[in-house]
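Trainee: One predicted model, sequence on top.
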Amino acid sequence: MAEKELKGKEFNDFLVWNNIDGITLQSWQDTLPNTLPQPPLRTTPWKILECITETDAQSANKDALNALMQGAEAIWFDKGYLGAAKEVVTKGIDQSIAPVFVRGENAVDIYANLFRSGESPNTETEGALLLDGRHIRERGGSPVQEVAVLLAQFIEVAQNNDHLEQVIIRTCNGSSFLTELSKLRALRWLLDSAMKHMEKSIQVTFISTNLSMINARNDEHTNILRCTTAGLAGAIGGADFVMINAWDSSWNADLNFSRRITRNIQLLLKEEGRFDKNLNPVDGAYFIEHLTEQIARQAWKQVQSIEGAGGFTTYTTSGALYQEIETKRNELLTLFTKDKAVLLGINRFQPDTVESEVSTEKSQYKYLPPLLNLPFELQNAVNV
């Protein structure tokens, strides 16, 4: 019937979806997958999480309180604060209503030192452990690699800590809307299955954020659309908190405008779009269920390879993780430089006045490839 409706056009050319992340799927679906994904049902809507980056404690507290007055529902302090500074930044915030995360304090990234120098993670760290998918995605890793790494880290931590109670998982969303929301559903499903298999009961908090490596200075307000798809993917995919960071932080000192806009994206989704009323809107959607199942299947295959190599820490220090991400990074760059993938304003539909994209600062991580600034890389490739 589909071929008849195509009137001579090739099925594989028009109804087979090949995305830039290496996933191939028929766009036309009329059945659910044999193995139906079963991510845990959401019972409460996501919270709007505001990222505060100021290093001065008083300024950070002022920005946090202002954000909460303007619609934010939780705060993420991205800088570590010691001693009295921690009391200053949280002053006036009712944390029973507006949860507060302080990176390095109650959200401890135990794998950062592993990536930086090969130091084995301390799984007995007090407070909630942070597993951060940004390490993978901001270097050109794929959504499937992100799911595999986060799951492998979770398994290693859960096996090495009998008293583990809480884990925070931060995922990173690009502009491939359908892939990103399905990725989050696949991750939630796999983690739930892993805990049942290990007979563990661990509170997992999912934070979804946007991918900064695609933020372009040229035609910069196109980034608002990228932020919107990233935020919507997190909300529909089942994140507990959605954090959309300012898109212009690498070239603009005043972030008041971009912060307000990114906050309003989520307020629009809730107050006008009513996306907080239907908490599991894509469950049972043929295409999404098939995509979720395929991402989970590919990610689990990678997890098995990591486990077979001796676990995540051994896999990382052997250099295998570096090579896997670098391979995907190079494939991604090739797609964009050969115009098989599009970044608006950079390799297609450029504005009349072209500005120089900002280069990325050097990474200090030994066991991960350098950070990838896609607009900068493409602009220089095109100009050459």
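Mentor: Yes, it's here. Fair warning: this is a prediction, and the values are worked out from it, not measured in the lab.
Trainee: where does Asn122 land on pLDDT?
Mentor: Per-residue pLDDT puts Asn122 at 85.
Trainee: Then Lys79?
Mentor: pLDDT, Lys79: 87.
Trainee: For the nearest residue to it once chain neighbours are set aside, grab the count of nearby residues.
Mentor: Nearest non-adjacent residue to Lys79, counting by CB to CB, 6 or more residues apart in numbering: Thr55, 5.2 Å away. In short, each C-beta sits where N, CA and C put it, glycine included. Thr55 is flanked by 11 other residues according to other CB atoms under 10 Å.
Trainee: nearest residue to the spatially most central residue of the chain other than its sequence neighbours?
Mentor: Centroid check for the chain by CA atoms, centre = their mean gives Cys172 as the closest residue, at 1.0 Å. Among residues not flanking Cys172 along the chain, Arg137 sits closest, at 3.9 Å (CB to CB, 6+ apart).
Trainee: wait, the one you found sits on Ser212?
Mentor: No - the pair Arg137 / Ser212 is not scored as a contact, 9.3 Å apart, by CB atoms under 8 Å.
Trainee: Those two: which has the busier surroundings?
Mentor: Arg137 (26 against 21).
Trainee: Give me the distance between the more buried one and Gln29.
Mentor: 27 Å (CB to CB, to the nearest Å).
Trainee: Asp248 now?
Mentor: 39 Å.
Trainee: Which of those two has more residues huddled nearby?
Mentor: Asp248 (19 against 16).
Trainee: give the contact list for the more buried one.
Mentor: Residues near Asp248 by CB atoms under 8 Å, 6 or more residues apart in numbering: 215, 217, 220, 223, 255, 258.
Trainee: In JSON lines, list these along with distance to Asn122 and pLDDT.
Mentor: Converted to JSON lines, these look like this (distance: CB to CB, whole Å; pLDDT from 0 to 100):
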{"residue": "Asn215", "distance to Asn122": "33", "pLDDT": "94"}
{"residue": "Arg217", "distance to Asn122": "39", "pLDDT": "93"}
{"residue": "Glu220", "distance to Asn122": "40", "pLDDT": "92"}
{"residue": "Asn223", "distance to Asn122": "37", "pLDDT": "96"}
{"residue": "Leu255", "distance to Asn122": "34", "pLDDT": "93"}
{"residue": "Ser258", "distance to Asn122": "36", "pLDDT": "96"}
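Trainee: wait, which of the residues you listed is closest to Gly83?
Mentor: Using CB to CB, Leu255 comes nearest to Gly83 of the contacts of Asp248, at 26.9 Å.
Trainee: these two touch, right, that closest one and Ala246?
Mentor: Yes - taking contacts as CB under 8 Å, Leu255 lies within contact range of Ala246: 4.4 Å.
Trainee: quick one, helices of the chain?
Mentor: 2-6, 11-14, 57-69, 84-89, 112-117, 134-137, 143-160, 177-198, 222-237, 256-267, 286-308, 312-317, 320-337, 374-383 (DSSP state H).
Trainee: what about the last one, average pLDDT?
Mentor: Helix 374-383 shows a mean pLDDT of 83.
Trainee: same check, this time on the first one
Mentor: With pLDDT averaged residue by residue, helix 2-6 scores 85.
Trainee: Just the CA trace of that helix, in CSV.
Mentor: Output in CSV follows, covering the C-alpha atoms of helix 2-6 (Å, rounded to 0.1, in the frame of the first residue of the first chain):
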residue,chain,number,x,y,z
ALA,A,2,2.8,2.4,0.8
GLU,A,3,4.6,1.7,-2.5
LYS,A,4,1.3,2.3,-4.3
GLU,A,5,0.9,5.7,-2.6
LEU,A,6,4.5,6.6,-3.6
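Trainee: all numbers from here: first residue = 15
Mentor: With 15 as the first residue, the last one maps to helix 16-20.
Trainee: Tell me the helices and strands packed up against it.
Mentor: Secondary structure elements in contact with helix 16-20, counted by 3 or more CB pairs under 8 Å, 6 or more residues apart in numbering; DSSP states H and E, are helix 25-28.
Trainee: helices or strands up against the helix it packs on?
Mentor: So helix 25-28, by 3+ CB pairs under 8 Å, 6+ apart, packs with helix 16-20.
Trainee: List of residues touching the helix it packs on?
Mentor: Outside helix 16-20, the residues touching it (CB under 8 Å, 6+ apart) are 25, 28-29, 42.
Trainee: one more time with 10 Å
Mentor: 23-25, 27-29, 40-42, 44 (CB atoms under 10 Å, 6 or more residues apart in numbering).
Trainee: Go through that helix and flag the buried ones.
Mentor: By neighbour count on 16 or more other CB atoms under 10 Å, the buried set for helix 16-20 is empty.
Trainee: and if you look at stretch 82-94?
Mentor: Residues of stretch 82-94 classed as buried by neighbour count (16+ other CB under 10 Å): 82, 86-93.
Trainee: from these, which single one is nearest Trp314?
Mentor: The closest of those, once distances to Trp314 are taken by CB to CB, is Trp90, at 29.7 Å.
Trainee: Surely that closest one touches Thr219?
Mentor: No - Trp90 is beyond contact range of Thr219, at 11.6 Å (criterion: CB atoms under 10 Å).
Trainee: list residues touching both of these two?
Mentor: Joint contacts of Trp90 and Thr219 (CB under 10 Å, 6+ apart) are 113, 115, 121, 184, 255.
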